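Participant: Dropping the sequence and predicted coords here.
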Amino acid sequence: MELFLQTLLNGLLQSGIYALVASGLALAVGVVGIVNFAHGEFLMIGAFLAWALSAYLGVDPLISLPFAALAVFGVGALTYRVSIRHVLLAPELNQMLLTFGLGILLQNLALIWLGGNTRTVTTPYQGSSLSIGELSVGGPKAIAFGLAVLILGALYGVLYRTTLGRQMRAVAQNRRGSQLIGIDVERVYLIAFGVSCGLAAIAGVLVAVLLFASPTVGLVFALKAFAIIVMAGLGNLTGVLWASVVLGVSEALVQTYVPGGGGWSDAVFFLLIFATLVFRSFRGAR
Amino acid sequence: MSRAMDGGRAVVRRPDVPLRALLPLGLFFLLALVFPFLPLGERSEYLLQIAFFTLVAGVLALSWDILARSGQVSLAHAAFYGLGAYGFALLGKVMPWFLAMPAAALIAGLISLILGAVTMRLSGMYFAIATLAFTEVVRTIIQNLPEATAGGANGLLVPALLGGNARAQYFLAFGILLFTALVSLAIRRSRLHHAFAAIRQGEETARVLGVSVVKYKLLAFFISSFLAALGGVLYAGKTFFINPLETFSLANSIAPLTTSIFGGLYTTLGPILGATVLRVAEEILHNSIKNGYLVVYGLVLMLSILWLPRGLMGLLRRGKHGGDV
């Protein structure tokens, strides 16, 4: 029983990061209508920023977090300006392939520049742990989860309580209609895409603390984020939270209870994608 | 259109591929045929190896393009390439290579029917994600199989093709690319071409026109995967050694996709041309940068989408109508 609760807790904590990555992706899909295959690479940039600031300037990742988020927001906005904007009306395939190309480009630039090694960030709280009754939680994991909850709370606050958020949701629902009532759609797209990338970067900083930074670290998170938004339904922001928990907990269950689970737990999200897609396709939704 | 969709053999279509358009393709194969006999000097062995892998890249790209013609833009090409490689590695131990080769390709082709059936009703990004997931599932399964069977994460030794004779291997690759090109041209001239195009441009409309979408989509999957697996066999037989990470690497799905788009989608010459250009560029870069030469593919993909949507073929045929091979 204790093992089971511990497993559930681990899964839940893991889902915080998943939700961060996936909500960013869902924002790009829902508002801008772009399936961003380079999402993981923005996460990777965030992770490397955290590592660089910590290794060269001795800045704690938790302090560099807002700077990484802002910097990658800028990178995302720039990316939107120079590339994404030109394919907004192009066939879906072209959009997909464009971001796919961007992802490969960024990943391999990092590989050329920084090499394929993994870089770890050391923090004073790395070895710490929290205990709740019989259960124990690693300090960084708990901090990461807390931050993820905070940031997601802020995101949903913005989306549902501010003018910008309302504009984003309006554009997501109907681009032309929003234009007609005087919303600057172009600006909303730019901000939404930037925020989407910024969220990935925040997740990246947390990933650098929990795991490591490497050129390919983003890929697996992006794939899991795809699984989550496919489960949630494309562009459904609330569903993302539930789907993240489902993914996090099922991975933890597989890790604990399936023999040799470490190797198989990475296949869990593919099974979830497959199951969801097959279920959808037979139900006839698209 | 309606005539082409008629049943029966009475439909005789005029070949809509003029001979003149076949000229560049013929030229390519002629060059490839005489390549090993050119006086290449000291580096001939190295150059022959590059040429070999260029041919393999051509097989991979062209087979990907055949699938794309039916509107299925797949990220699972690495899976069938890898299944071909692994199938050959395992079957090659119990049967001669000329049997193991088609057998491995057949297995990959049959497995592709499963993927095709599952993803039948998915389109666009759903299809792309599902195929990407499929590749990872295949890799995970092979990696977690008992080491005695498939070598696990460490990899597997493969019997060398044709006793490791580089020139013979080159001609085998040449033959397979020629075969792939002939299949592609045959599709271009048959009713399959029209069926694929109809499905690509609108599945519902195709269905209304009387195209059996399920049959043709699966057929495209089978042909494409069969050919991709032959490419995998060449790769495995050339390198003697395969492991799941490299064989099923995303790069093996990206390369054919980028190559086809860069060369010119839905043509026979385009993917082959693209493979030649990109493969040589990759090799040049490979010497100066160890890792990350895929950067070329990323850049080329982005630039092609933004400025060269019809690829190299579009440049070659600017202003001319039809006749694309």
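Facilitator: Great, that's in hand.
Participant: Around chain B, which positions in the stretch 51-200 of chain A sit nearby?
Facilitator: A:83, A:86-87, A:90, A:92-94, A:96-98, A:100-112, A:115-116 (CB under 8 Å from any CB of the partner chain). Using the backbone N, CA and C atoms, a C-beta is placed for each residue, glycine as well.
Participant: buried subset of these?
Facilitator: A:83, A:86-87, A:92-94, A:96-98, A:100-112 (16 or more other CB atoms under 10 Å in any protein chain shown).
Participant: Let's see which of those end up in helices.
Facilitator: A:92-94, A:96-98, A:100-112 (DSSP state H).
Participant: To which secondary structure element type does whichever residue of the stretch 151-300 of chain B sits closest to chain A belong?
Facilitator: Residue of the stretch 151-300 of chain B nearest chain A, by CB to the nearest CB: B:G298 (3.2 Å). Using DSSP: H, G, I helix; E, B strand; the rest coil, the structure places B:G298 in helix.
Participant: Quick check, it in contact with A:L98.
Facilitator: No: taking contacts as CB atoms under 8 Å, B:G298 lies outside contact range of A:L98: 10.4 Å.
Participant: count of neighbours near B:I141?
Facilitator: 13 (other CB atoms under 10 Å in any protein chain shown).
Participant: ugh, typo on my part, it should be B:A166
Facilitator: B:A166 has 15 nearby residues by other CB under 10 Å.
Participant: now the one 3 residues further on
Facilitator: Residues near B:Q169, counting by other CB under 10 Å, number 21.
Participant: what does the one 3 residues further on give?
Facilitator: Other residues within reach of B:L172, judged by other CB under 10 Å, total 23.
Participant: Is it within a helix or a strand, and which one?
Facilitator: In the assignment (DSSP states H and E), B:L172 maps to helix B:166-189.
Participant: ok, now how distant is A:G74 from chain B?
Facilitator: Distance, A:G74 to chain B, using CB to the nearest CB, to the nearest Å: 19 Å.
Participant: Find me the pLDDT at that residue, would you?
Facilitator: What the model reports for A:G74 is a pLDDT of 95.
Participant: element containing the closest residue to it other than its chain neighbours, please.
Facilitator: Leaving aside its chain neighbours, A:G74 sits nearest to A:G194 (7.2 Å; criterion: CB to CB, 6 or more residues apart in numbering or on different chains). Here A:G194, judged by DSSP H and E, is contained in helix A:185-210.
Participant: mean confidence for the helix or strand following that helix?
Facilitator: Toward the C-terminal end, the helix or strand that comes next after helix A:185-210 (DSSP H and E) is helix A:217-232. Throughout helix A:217-232, pLDDT has a mean value of 87.
Participant: mind showing which ranges of the stretch 101-250 of chain A have poor pLDDT?
Facilitator: Applying pLDDT under 70 to the stretch 101-250 of chain A flags the ranges A:235.
Participant: List the contacts of B:L161.
Facilitator: B:W97, B:Q169, B:L172, B:V233, B:L234, B:G237, B:K238 (CB atoms under 8 Å, 6 or more residues apart in numbering or on different chains).
Participant: And the first one, how close does it get to B:G164?
Facilitator: Per CB to CB, to the nearest Å, B:W97 is found 12 Å from B:G164.
Participant: Please identify which of the two sits among more neighbours.
Facilitator: Neighbour comparison, B:W97 and B:G164: the larger count goes to B:W97, with 18 against 12 (by other CB under 10 Å).
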